[in-house]
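Undergrad: Have a look; sequence and predicted model below, questions after that.
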Amino acid sequence: MQTEEFTLVRDMLRSFATRHRVGSADELTPRTRAAARQALDELGLAGLRRSTPPAATVQECALLAEEHGRQPLTTSLLGTALLAPELSRLLGITAPASLPTIALARDLRFPGQHPSPLVAWDCDAADSALHVAPDGTVRQVALGPPTRTADLLRSVRAVPHDGEGEIVGRLGAEAGQRWQSYALVVVTAELVGAVDAFVELSTDYARDRRQYGKRIGSFQAVQHLLADARVLVEACASATRYAAWCLDHEPAGRALAAARVAKAEVNASAVEAVYTGMQVFGGIAQTWEHVAHLYLRRVLVGADLLATTADLLTTLAEPAPAESPPADTGAPTPTADEPETTR
Amino acid sequence: MTDLLLDFGDPADLERLRDDFRAWLADHPLPARGADEPVPVFLHRWHRMLHAGGWVGLDVPREYGGRGLTPLHQVAVSDELGARGAPGVPRIGYLAHALLEFGSEEQRRRLLPRMLAGDDVWCQGFSEPGAGSDLASMSTRADRGADGHYTVNGQKLWTSYAQYSGLCLLLARTGPSASAHTSLSAFVLPLDRPGVTVRPLRAANGDDEFCELFLDDVRLTEADLIGAEGAGWKLAMTTVSYERNALDTGHLSTYGLLVERLRRRAHERRGSLPDGLLSDIGRCVVDYGVLVAHSRRRTAERLAGRSAGPESSVDKLLMTRTEQRLYETALKVFPEELHGAGGEIFGDYLYSRAASVYGGTSQIQRNIIAKRLLRLPADGRG
């Protein structure tokens, strides 16, 4: 996209998010969900990754996911507009007749080798889900009843056991790596937006809240807590944006390594930074009405999403594959891919 | 937080520069250090070789002996050296920047080419026994006499390799100490002046890199003053912000080499690793990967026209986190470093403990972030 065009799309999403943000858990009603769903649908963002080459770069999609994560929202921008369309695009399906989201293992990780119950993740507005098996086979599966998750904003539905679903295509090894990296980056970017916004909220609060006759932000103990949280947020943001850029410009193996680094950083740091923000808010953040627990639930479940810290750290501890000489900026060299490993 | 699209890639000519430098390195292998040759003497020899090849001061304008390129080019050279385990380019970048930004035209022309060539070896005289992180409270004085000369009295600490240096970038108080930030001035101090005593200090890892500097009635002229009288604090702050970025300091590629060693060792000893150590190594890989991404983001922001500011405190804390966790893990992966004579890794481990102290402690960095990035209220102002 041109910079102006991207800014326009980002601003549209921002004003949508401000209008449809959930102010407290009590506002989570079918009516508010439906209104937000319709408003997001009117933005027409599902076309961003539908064509080849895509209308939006991965970095642009990551920034939009970040924007969506900044506010407590019930809409499934990720599942239905950013993730499933990219999967269809990688499979060469240009005009899907349905509105799928993606299917994950029951524990919300990437579906594994062994057949296990699946769920349709981030499925608000979705009519089906795309399931990528470890061998790259992609099936379209039906949606069952809603299932509970600690993340109150996220819509998740069971996938019925009967019937394997219709095979819609197969991802090759490189496309499989690109799919994994892209999913990691987009999911991670939404968490970055959430933790950045929440740390900002708690910093604003520290500037105003008075105790002992002083603003609490003037106490060094509070200042250092918030400074550390800010450093963690910046680390999360740098890693995620770089990983997104790598998907636009680097070979698939390097992009996957960068995406794993970003997810691992965010798994650990986003939760820690949200804890810090809640500590600064004090008692008010322990109430049902306050947004703090909505953010906490999001980053906590987010840390288990697609790949857990344990999955990532053991994979990343493996020695780096032999690198081909660094390529010129841009041109992907598929030969530099690292061998495919699960998770 | 910035929400701009950034280009994390290298400018096109950077790959050419890297290729040229690799070709030069192939023809000019790292010389061997003599049996009795002190490290700084050896490093100085390497400095002169690099300079002869045109690899020092790449980001310094041509008229002052540099090549007029960007900081990215100098960083690329450091990166290539680090990736080969070779000593980095001499750490004079921050001194050169101090002279470029604050020195007079005459000083820049007189001092910079000799600094880059290694004709003059410089050290930094900022910290004092009573003024470490609280640099502004220093007590070394430079009193101006009726003849226009300055008389300097005081003591400096942590001046790296002063015993091998000819010149010192000295910070001293030229006004009343009540105005801490406007009463400091910077000078070029030739270390052979009468009244200068240099005493090496042995560090915890056994190195004698650091020195004490005693100054007793040392005379300096007006020509030795860098910038205006009272500009010393600004000069010092500019200088230290160049010491806070892993790319500027060339540490990044050194970390990368060690991370790879840890991964290979873990792979060889698979099955016999203590519980949790594989995760610790994975965590080091993550720290390193994050630092690479973060440094590239800073570079991209700099190329997009944003100058270095209080964000450098975030950079310093991330660099410290990476370095300290990395060497803590390295000691667990290579236990013989701890339970034997103690090799290079143990020495570097000890040095890593200083990462949260030098260039402003981690606590000072948090203060800077709180006040200048988060704009939290100052203590006492309720």
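TA: That came through fine.
Undergrad: pull the CA atoms of stretch A:18-37 into CSV?
TA: The C-alpha coordinates for stretch A:18-37 follow below in CSV (Å, rounded to 0.1, in the frame of the first residue of the first chain):
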residue,chain,number,x,y,z
THR,A,18,-12.4,3.4,19.8
ARG,A,19,-16.1,3.2,19.0
HIS,A,20,-16.6,-0.5,19.7
ARG,A,21,-14.1,-1.0,22.5
VAL,A,22,-15.5,-2.9,25.5
GLY,A,23,-15.4,-0.6,28.5
SER,A,24,-15.9,-3.4,30.9
ALA,A,25,-16.7,-7.1,31.0
ASP,A,26,-20.4,-6.2,31.7
GLU,A,27,-20.7,-4.8,28.2
LEU,A,28,-20.0,-8.2,26.6
THR,A,29,-23.5,-8.8,25.2
PRO,A,30,-24.7,-10.4,22.0
ARG,A,31,-25.9,-7.0,20.9
THR,A,32,-22.6,-5.2,21.3
ARG,A,33,-20.8,-8.1,19.7
ALA,A,34,-23.1,-8.0,16.7
ALA,A,35,-22.7,-4.2,16.3
ALA,A,36,-18.9,-4.5,16.4
ARG,A,37,-19.0,-7.4,14.0
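Undergrad: List the buried residues for it?
TA: A:20-22, A:25, A:33, A:36-37 (16 or more other CB atoms under 10 Å in any protein chain shown). Where C-beta positions appear, they are placed from N, C-alpha and C, glycine not excepted.
Undergrad: ditto for stretch B:322-331
TA: B:322-327, B:329-330.
Undergrad: For that stretch, give the mean pLDDT please.
TA: Stretch B:322-331 shows a mean pLDDT of 97.
Undergrad: repeat for stretch A:10-23
TA: Rounded mean pLDDT across stretch A:10-23 is 97.
Undergrad: chain center to that stretch, what's the gap?
TA: Centroid separation for stretch A:10-23 versus its chain: 17 Å, with CA atoms, centre = their mean, to the nearest Å.
Undergrad: mind listing the helices for the stretch 151-300 of chain B?
TA: B:232-241, B:246-249, B:251-268, B:277-303 (DSSP state H, counting those that start in this stretch).
Undergrad: What is the nearest of the buried residues of stretch A:18-37 to chain B?
TA: For the buried residues of stretch A:18-37, the minimum distance to chain B (CB to the nearest CB) is 17.5 Å, reached by A:R21.
Undergrad: The closest one and A:T74 touch, don't they?
TA: No: in this structure, A:R21 is not within contact of A:T74 by CB atoms under 8 Å, at 9.6 Å.
Undergrad: related to what we said a few turns ago, okay, the buried residues of stretch B:322-331 in TSV with distance to A:L191 next?
TA: TSV is the format used below for the buried residues of stretch B:322-331 (distance: CB to CB, whole Å):
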residue	distance to A:L191
B:T322	21
B:E323	26
B:Q324	26
B:R325	22
B:L326	25
B:Y327	30
B:T329	26
B:A330	30
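Undergrad: Compare the mean pLDDT across the helices of the stretch 151-300 of chain B and name the weakest.
TA: helix B:246-249 (a mean of 63).
Undergrad: Sounds good, over and out.
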